[in-house]
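In: here are the coordinates; sequence isn't available:
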């Protein structure tokens, strides 16, 4: 008896031919990107590759100059962060934007407080907070301690949990493990796996290739504002990603977003190694 084929994932978000200019600077040019439900997609690239610009377009901070954004197969236009949130796209930026003087419950429900009559329903907010944290397998000492007293990994947990209050379809995490220790990084990576299990599409922006290889299903590489490869993490090594980031792979031409099972690794262009290295001469060192 053969095992049943896994149910294909539904495509949640697709970006076709995205372009963005800042004056004479072309930040993005003809970029394609997509994410499915229950999938962790790593968006990687060197500094200045266009990752932040692409993420801010998704978050509604910037408006794309060219291209189409589709959500659940329908074209959408994101003109503000409120549009993105209403659509179901939540973003956790690197600075987290938490209020250190407030406790965990107050941070999670800030701006979305539950009320009973004319008073805040503190009991209901606390119960829902604990329910959400248990679903994420989060480890917090209490939900009534100030956020300032939490560790870096715990603060990241609070920021991610806050983004889930509106039940988004896509969660964007901007460098979630930056400046964290080994134990705190493992805690955040476990949290990302919980998001995948809950069916969220997760976009992970990271410079840490070990984190990408540990939790991502697929990696999309940007280089100089253009696509430079889409890779199935199960089929590649860290060296493949680094080669794409640094430009040692062929540029991938813009094309419609394929189904995930059709993605193939990019071609590696070997660097020339047969050229003899010239020893410096004395006159080269003068002046």
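Out: Nice, thanks for sending it over. Not measured: the values here are computed from a predicted model. Residues are numbered from 1 along each chain as shown.

In: Next, the buried residues of the one helix or strand residue 16 maps to.
Out: Mapping residue 16 onto the secondary structure by DSSP states H and E places it in strand 11-22. Within strand 11-22, the residues that qualify as buried are 11-16, 18, 20, counting by 16 or more other Cβ atoms under 10 Å. Any C-beta I mention is one placed from the backbone N, CA and C, and that applies to glycine too.

In: where do the strands sit along the stretch 1-150 of the chain?
Out: Listed in chain order, the strands found in the stretch 1-150 of the chain under DSSP state E, counting those that start in this stretch are 11-22, 25-36, 40-44, 66-71, 74-76, 89-92, 115-116, 119-120.

In: In TSV: those strands, plus distance to residue 214.
Out: Formatted as TSV, the entries for the strands of the stretch 1-150 of the chain read as follows, by distance: least, Cβ to Cβ, whole Å:
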stretch	distance to residue 214
strand 11-22	23
strand 25-36	18
strand 40-44	10
strand 66-71	28
strand 74-76	32
strand 89-92	18
strand 115-116	41
strand 119-120	40
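
In: which regions of the stretch 151-287 of the chain sit below the pLDDT cut-off?
Out: Under the criterion pLDDT under 70, the flagged ranges of the stretch 151-287 of the chain are 249-287.

In: try 50
Out: In the predicted model, the stretch 151-287 of the chain carries pLDDT under 50 at residues 252-255, 260-287.

In: As a check, name the ranges of all helices in it.
Out: Assigned helices in the stretch 151-287 of the chain, in chain order: 152-163, 182-197, 209-215, 238-246, 282-285 (criterion: DSSP state H, counting those that start in this stretch).

In: So which of those has the densest surroundings on average?
Out: Burial of the helices of the stretch 151-287 of the chain is given as mean neighbour count (mean count of other Cβ atoms under 10 Å); helix 152-163 ranks first at a mean of 22.

In: Can you tell me which helices and strands it packs against?
Out: Helix 152-163 is packed against strand 89-92, helix 104-108, helix 122-135, strand 170-174, helix 182-197, with contacts defined by 3 or more Cβ pairs under 8 Å, 6 or more residues apart in numbering; DSSP states H and E.

In: rerun at 6 Å
Out: Where contact means 3 or more Cβ pairs under 6 Å, 6 or more residues apart in numbering; DSSP states H and E, helix 152-163 is packed against strand 89-92, helix 104-108, helix 182-197.

In: neighbouring contacts of the second one?
Out: By that I understand helix 104-108. Helix 104-108 is touched from outside by 98-99, 125-126, 129, 143, 147, 158, 161-162, with contacts defined as Cβ atoms under 6 Å, 6 or more residues apart in numbering.

In: same check, this time on the last one
Out: Applying Cβ under 6 Å, 6+ apart, the contact partners of helix 182-197 are 38, 40, 136-137, 152-153, 156-157, 160, 171, 176-177, 202, 214-215.

In: hmm, try it at 8 Å
Out: When contacts are taken as Cβ atoms under 8 Å, 6 or more residues apart in numbering, the neighbours of helix 182-197 outside the stretch itself are 38-40, 135-139, 151-154, 156-157, 160, 171, 173, 176-177, 180, 202, 204, 211, 214-215, 217.

In: Kindly report the same for the first one.
Out: Outside of strand 89-92, the residues within contact range by Cβ under 8 Å, 6+ apart are 13, 55, 58-60, 71, 78, 81, 84, 156, 159-160, 163-164, 166, 168-174, 176.

In: for the record, mean pLDDT for it?
Out: What strand 89-92 shows for mean pLDDT is 93.

In: Can you give the strand pairings for it, parallel or anti for each?
Out: Take DSSP bridges as the rule and strand 89-92 pairs in its sheet with strand 170-174 (parallel).

In: Centre of the chain to the strand it pairs with, how far?
Out: Here the centre of mass of C-alpha atoms in strand 170-174, compared against the chain's by Cα atoms, centre = their mean, to the nearest Å, lies 4 Å away.

In: and the angle for that strand with helix 182-197?
Out: Taking axes from the mean of the first three to the mean of the last three Cα atoms, to 10 degrees, strand 170-174 and helix 182-197 form an angle of 160 degrees between their directions.

In: what about burial for the contacts of helix 104-108, which qualify?
Out: Buried residues within these, counting neighbours by 16+ other Cβ under 10 Å: 98, 125-126, 129, 143, 147, 158, 161-162.

In: Determine which two of those are furthest apart.
Out: Among the buried ones among the contacts of helix 104-108, the pair separated by the greatest distance (Cβ to Cβ) is 98 and 126, at 17.6 Å.

In: quick one, what contacts residue 115?
Out: For residue 115, the set of contacting residues under the criterion of Cβ under 8 Å, 6+ apart consists of residue 121.
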